[in-house]
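K.L.:
give me a 3D structure for the following:
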Amino acid sequence: MDILSIEALEKYWNAPEVAANIVVFLNLLGAFLLGLVVGYERSFRGRAAGMRTYGLVCMASCALTVIAGYPEFWYGGGHNFGNVDPGRIIQGVVTGIGFLGAGVIMRDGANISGLNTAASIWAVAAIGVLVGVGFYAAAILLALLSTVSMWWGLKIEDLLPSRQAVAVTLHFRQDVLPSQDFLSQIVLAHGYFIATGSFVIARHGGKSECRFVAISYGKRKGASLIKFSHALASAEGIESFHLSHARN
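P.N.:
Okay, here's the model as predicted:
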């Protein structure tokens, strides 16, 4: 039969086919809206992956999953594809999202950024899968929990005991040999200690460079970066330095 004949085209627009398309459409629309809800927080904070990215990821994950439930309507129906395994489709979605998440994770010395974005993209893919398989209540709950975690997670962390970490890079003057005990005393005097295993030392052209992570003894026990920088600026032998919060 000619695939462009009236009889062949009518298969794509018969009542059961149209009903299945409506169900798929509603699933895609719901997944897209839930993705936008989660992605708004990233857009609000100026992240590269925002509402559009989250909406597309959630909707695409849903699309790939929901079609597995209607193999009898594929290509206008009339084809026997047997039992389609949704688990393999979900596995493919998770693998693909892993590559997308890895692309937003950036490392700069002791600072690692993008982990929250990568985790939330993975979560929004799971939301799309839940919508695709029909667990609408679970998808809505996951979207709400993800949004709450991203919006108020930092505020909740601020209420709990914590310790701040500072990435320290020190450049010493010509032929000055740094002492770890001397550095530890400076750090200790300002409410920090050097994290075990974070101390790195290098030497270039007769000048030494030290890198380590300093961790405060408590949330408000560590000196501010301004006060810490003043101490390093006046320390003997230090030519230049760089301080930043060690985000991870």
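
K.L.:
avg pLDDT for the lengthiest strand in the chain?
P.N.:
The longest strand of the chain (DSSP state E) is strand 207-216. Summarised as a single mean, pLDDT over strand 207-216 is 89.

K.L.:
that strand: what's the following helix or strand?
P.N.:
Following strand 207-216 in sequence order, the next helix or strand is helix 225-234 (DSSP states H and E).

K.L.:
can you name every helix or strand that the lengthiest helix in the chain contacts?
P.N.:
Scanning the chain for the helix with the most residues, using DSSP state H, yields helix 15-44. Applying 3 or more Cβ pairs under 8 Å, 6 or more residues apart in numbering; DSSP states H and E, one finds that helix 15-44 contacts helix 51-66, helix 115-133, helix 136-159. C-beta coordinates here come from the backbone N, C-alpha and C atoms, glycine included.

K.L.:
what residues sit buried inside the last one?
P.N.:
Going back to what we said before, that points to helix 136-159. For helix 136-159, the neighbour count (16 or more other Cβ atoms under 10 Å) marks 139-140, 142-143, 146-147, 149-150 as buried.

K.L.:
list the contacts of it.
P.N.:
30-31, 34, 37-38, 40-42, 116, 120, 123-124, 126-128, 130-131 (Cβ atoms under 8 Å, 6 or more residues apart in numbering).

K.L.:
quick one: stretch 33-50 to chain centroid distance?
P.N.:
12 Å (Cα atoms, centre = their mean, to the nearest Å).

K.L.:
give me the low-pLDDT residue ranges for this protein?
P.N.:
Scanning the chain for pLDDT under 70 picks out 1-5, 8-9, 78-79, 81, 107-112, 247-248.

K.L.:
got the domain boundaries for it?
P.N.:
6-159, 165-245 (automatic domain parsing).

K.L.:
out of those domains, deepest packed?
P.N.:
Stretch with highest mean neighbour count among these: domain 6-159 (a mean of 17; mean count of other Cβ atoms under 10 Å).

K.L.:
what's the span of that domain, first residue to last?
P.N.:
Taking Cα to Cα, to the nearest Å, the first and last residues of domain 6-159 lie 67 Å apart.

K.L.:
can you check stretch 127-145 too?
P.N.:
OK, stretch 127-145 end separation, Cα to Cα: 11 Å.

K.L.:
what's the helix or strand where F99 lies in contact with?
P.N.:
F99 is located in helix 86-103, with elements delineated by DSSP H and E. Outside of helix 86-103, the residues within contact range by Cβ under 8 Å, 6+ apart are 57, 61, 64-65, 68-69, 117-119, 121-122, 125, 128-129, 133.
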